[in-house]
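Novice: coordinates only, no sequence provided:
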């Protein structure tokens, strides 16, 4: 039994608008729903009893995509199996520079020193005693998406997670950095801070004053203690800023009147522009989006209505609009955004599409509250040149074949 | 090194208000922060490499409190270790009536029949293809908190999770029930539905029409597939309604013009009022709150400023206010609510308290957007009588001893 296009469209519009609607007439072309006759039986034996820790269904095996299983390596969140915006903590992407250290929380200390009146050390219980805050926001590696465009490995059979899975979203809990800085008494001249990790790489980054008000010292992730791969027991959180500056296993903050010019902001995480100059401290993550369904390796098994779903995010506040094109970028239509839209947080978007069975390029573009529009590949390269590597936030395309197979659209299509 | 009360209060107010403030003078009585001299060293060996699935720190072992390890048993979320509002999926409370069945998602079917024009069966992929929605809200067992008040096991050494841990919060994803009902064509006379589970208990509950608009058929929990203990692959979600009606392992929905009067709404989940009548279909969860810190077995190890933290929630929309008393209910002050405050969702509240070292009763009360005020024990009993069992949402009290030890305050204190 199937449904007519017209009644189906009516259904879909009213559903998307949250408006009640009349009955749907049956006809041709859409879902294959069988008229009920029998149903599968209920369980006849009692099932498993309550336990201390729950488990996933044996039929569900989400996994991070491991890119490099090295101390300086990374793994990526399987965006294709993600629903909603929260990333399960054990699937949060990883990017380590010296592997994951094991830190005893009872021995943990955070030092704040440099241009302060009073350098202080804080234990974990000191930090937890200060007024707490929670914030749901994304963390993204500034290298996210590189493989889709620059590497020799560029390929059509790449999944959303393999392409853009170095972004994850959690509810983070901790104390505002400003609260701790107030304890130490920041000297008026201080305008940069150095954040240093306790990992074997002792990763260090300089953070200018403009980001301090929003910064947090976090010990909680999705309702529980921070996971080791995200910096247990304490990391720096800088909403909207590139991930590597949100130093994990945070050990030390030093205040200064200038940046520290560390390895990770000179040799790395910096781009060469067409004029030969270096683009440094490109800390804010620009708006971007990705369609996570349909995408490789999904197959649209029939013509008709399909809901295009994806994620959009920006480091400059809230996403204000997401537009979807199903004709390779000629025409754009507004997608529905899932409430609540939070600042510096992934936002789920949805768009109903009646696929006619033809080869189609489907694209999404994000617009944020500052008016920034996610650029095309050409627009990005015009500004950044061919030697740029990080912050590859151009519009992504997926190619739907007449067979219903879906492939990554590569960058030369728009 | 410690801080003066005055400057500390200043710090705390400005921090809570998110306003910048001057430096904090050091003096007496508060945090024990050591002036920095040396800090613990960084790791000298590379740590663990990226992996497919992350793990908790070996120093963190949160566990559900198992109440009854039987097919008809329950386990409770450790609210005392929870930060923020999200409950990690493997710590979501459980209440099963026939244990957890193992269901093959490829064989799963949902039948909707009864007073509909067209009874239909939906496979899991049918359900996932419909327009999706996400919603962050709590689920609570209507028996939550009973042990603190009615049982012979009533005791002072009970933790927040052992007392009130049958409430958990997740980001749920699925399809609106109204979307599926529209496919089936609900007959005008239909005013109740029966939801039936596929578990060995075949748990059934009747749900009146007033809850259908908000109802969802959910397959996602905190960004991934629903966990088996929460109904994998599909459960009914009724935001704000008592947990057992949000039938897990949902197998069948039957529409009718009257309630079905099942075992779980006649013999159980119904209360006897003072006049001998039964209080049935008491589906909406009334507003309540609990302080999760400080609580048993916390110890306030010194006088001074402590942040009282807790959770408040209501089945009638949003929490509009939480008030805290530190003198056994004589005086009440407004707590700070964590943004965003979402409807039918736990809301984190925080209140800064300067503990003078005296025996103190600390209490919280929730007020929701309908004006409903969480009642005292006496107010509750005046209405419900002594034979009532479910919906025990009276104000909870914790007793702080001069030693700093904290115990459950029992019900006869207010």
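Specialist: Thanks, I have the structure now. These numbers come from a predicted model, not from an experiment.
Novice: beta-bridge partners for the residue nearest the centre of chain A, please?
Specialist: Nearest to the centroid of the C-alpha atoms of chain A, with distances taken as CA atoms, centre = their mean, sits residue A:167, at 2.8 Å. Using DSSP bridges, the beta-bridge partners of residue A:167 come out as residue A:140.
Novice: from residue B:174, how far out is it?
Specialist: Here the distance between residue A:167 and residue B:174 works out to 23 Å (CB to CB, to the nearest Å). Using the backbone N, CA and C atoms, a C-beta is placed for each residue, glycine as well.
Novice: now residue A:113
Specialist: When residue A:113 is compared with residue B:174 (using CB to CB), they lie 50 Å apart.
Novice: could I get the full set of helices for chain A?
Specialist: Ranges of helices in chain A, per DSSP state H, are A:5-17, A:124-129, A:160-164, A:177-184, A:377-384.
Novice: residue in the stretch 201-350 of chain A with the shortest distance to chain B?
Specialist: When CB to the nearest CB is the measure, the stretch 201-350 of chain A has its nearest residue to chain B at residue A:220, with 3.6 Å between them.
Novice: distance of the nearest residue to that residue once chain neighbours are set aside from residue B:134?
Specialist: Across the structure, with CB to CB, 6 or more residues apart in numbering or on different chains as the measure, the residue nearest residue A:220 apart from its sequence neighbours is residue A:173 (3.1 Å). Separation of residue A:173 from residue B:134 (CB to CB) stands at 21 Å.
Novice: again with residue A:392
Specialist: 28 Å.
Novice: these two: which is more packed in?
Specialist: With other CB atoms under 10 Å in any protein chain shown as the criterion, residue A:392 and residue B:134 differ in neighbour count, and residue A:392 comes out ahead with 24 against 20.
Novice: hang on, isn't that one packed against residue A:148?
Specialist: Yes: with contact defined as CB atoms under 8 Å, residue A:392 counts as touching residue A:148 (7.4 Å).
Novice: ok, residue A:271 touching residue A:281?
Specialist: No: using CB under 8 Å, residue A:271 makes no contact with residue A:281, being 11.0 Å away.
Novice: now do the shared contacts for these two.
Specialist: Here residue A:271 and residue A:281 have no joint contacts, going by CB atoms under 8 Å, 6 or more residues apart in numbering or on different chains.
Novice: quick one on the thing from earlier: which pLDDT value belongs to the residue nearest to the centre of chain A?
Specialist: At residue A:167 the predicted local confidence, pLDDT, stands at 98.
Novice: list the buried residues in stretch A:209-221.
Specialist: In terms of neighbour count (16 or more other CB atoms under 10 Å in any protein chain shown), stretch A:209-221 has its buried residues at A:211-212, A:214-221.
Novice: relative to residue B:398, which of those is nearest.
Specialist: Of all these, the one sitting nearest residue B:398 is residue A:220; the distance, using CB to CB, is 21.7 Å.
Novice: the closest one bridge partners, please.
Specialist: Here residue A:220 shows beta-bridge partners residue A:173, residue A:225, assigned using DSSP bridges.
Novice: would you agree it is in contact with residue A:175?
Specialist: No: between residue A:220 and residue A:175 no contact is recorded; they are 10.4 Å apart, counting by CB under 8 Å.
Novice: pLDDT of stretch A:134-150, averaged?
Specialist: Averaging the model's pLDDT scores along stretch A:134-150 yields 93.
Novice: just the buried residues of stretch A:352-369, please?
Specialist: When burial is assessed from 16+ other CB under 10 Å, stretch A:352-369 yields the following buried residues: A:352-353, A:355, A:360-368.
Novice: let me fix that, I meant to ask about stretch A:283-300.
Specialist: Here stretch A:283-300 shows A:283-296, A:298, A:300 as buried, counting by 16+ other CB under 10 Å.
Novice: do the same with stretch A:63-71
Specialist: Of the residues in stretch A:63-71, those buried (16+ other CB under 10 Å) are A:64-67, A:71.
Novice: so which of those reach chain B?
Specialist: Restricting these to those near chain B by CB under 8 Å from any CB of the partner chain leaves A:64, A:66-67, A:71.
Novice: which residues sit in contact with residue A:108?
Specialist: Contacts for residue A:108 (CB under 8 Å, 6+ apart) come out as A:123-124, A:233-234, B:40.
Novice: for residue A:241, same thing?
Specialist: A:207, A:211, A:283-285, A:315.
Novice: go on, residue A:299?
Specialist: Counting by CB under 8 Å, 6+ apart, residue A:299 makes contact with A:403-406.
Novice: please repeat the previous calculation with a cut-off of 10 Å.
Specialist: By CB atoms under 10 Å, 6 or more residues apart in numbering or on different chains, the contact set of residue A:299 is A:400-401, A:403-406.
Novice: what does the stretch 201-350 of chain A put close to chain B?
Specialist: Taking CB under 10 Å from any CB of the partner chain as the criterion, the neighbours of chain B within the stretch 201-350 of chain A are A:201-203, A:213, A:218-230, A:232-233, A:249, A:251-252, A:293, A:301, A:304-307, A:309, A:336, A:338-340, A:342, A:346, A:348, A:350.
Novice: can you put the buried residues of stretch A:352-369 in a markdown table and add distance to chain B and pLDDT?
Specialist: Shown next, in a markdown table, are those (distance: CB to the nearest CB, whole Å; pLDDT from 0 to 100):
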| residue | distance to chain B | pLDDT |
| --- | --- | --- |
| A:352 | 7 | 97 |
| A:353 | 11 | 98 |
| A:355 | 12 | 97 |
| A:360 | 18 | 97 |
| A:361 | 22 | 96 |
| A:362 | 16 | 97 |
| A:363 | 20 | 97 |
| A:364 | 16 | 98 |
| A:365 | 21 | 98 |
| A:366 | 18 | 98 |
| A:367 | 21 | 98 |
| A:368 | 18 | 98 |
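Novice: for residue A:162, what are its contacts?
Specialist: By CB under 10 Å, 6+ apart, the residues touching residue A:162 are A:65, A:67, A:76, A:78-80, A:147-148, A:153, A:155, A:296, A:408.
Novice: what pLDDT is listed against it?
Specialist: pLDDT, residue A:162: 96.
Novice: what mean pLDDT does stretch A:393-401 get?
Specialist: In this model, stretch A:393-401 has a mean pLDDT of 96.
Novice: so what's the gap between that stretch and the chain middle?
Specialist: Taking the mean C-alpha point of stretch A:393-401 and that of its whole chain, the gap between them comes to 17 Å (CA atoms, centre = their mean, to the nearest Å).
Novice: may I see the buried residues of it?
Specialist: For stretch A:393-401, the neighbour count (16+ other CB under 10 Å) marks A:393-400 as buried.
Novice: between these, which is nearest residue B:329?
Specialist: Of all these, residue B:329 sits closest to residue A:393, with 54.5 Å by CB to CB.
Novice: just checking, that closest one touches residue A:287?
Specialist: Yes: taking contacts as CB atoms under 10 Å, residue A:393 lies within contact range of residue A:287: 7.0 Å.
Novice: between these two, what contacts are shared?
Specialist: Looking at what touches both residue A:393 and residue A:287 (by CB under 10 Å, 6+ apart), the common residues are A:313-315, A:366, A:372, A:374-375.
Novice: which of the residues you listed tops the neighbour count?
Specialist: Of all these, the highest neighbour tally under other CB under 10 Å goes to residue A:314, namely 29 neighbours.
Novice: contacting residues around that one?
Specialist: By CB under 10 Å, 6+ apart, the contact list for residue A:314 reads A:138, A:240, A:284-289, A:320, A:343-347, A:366-370, A:372, A:374, A:393.
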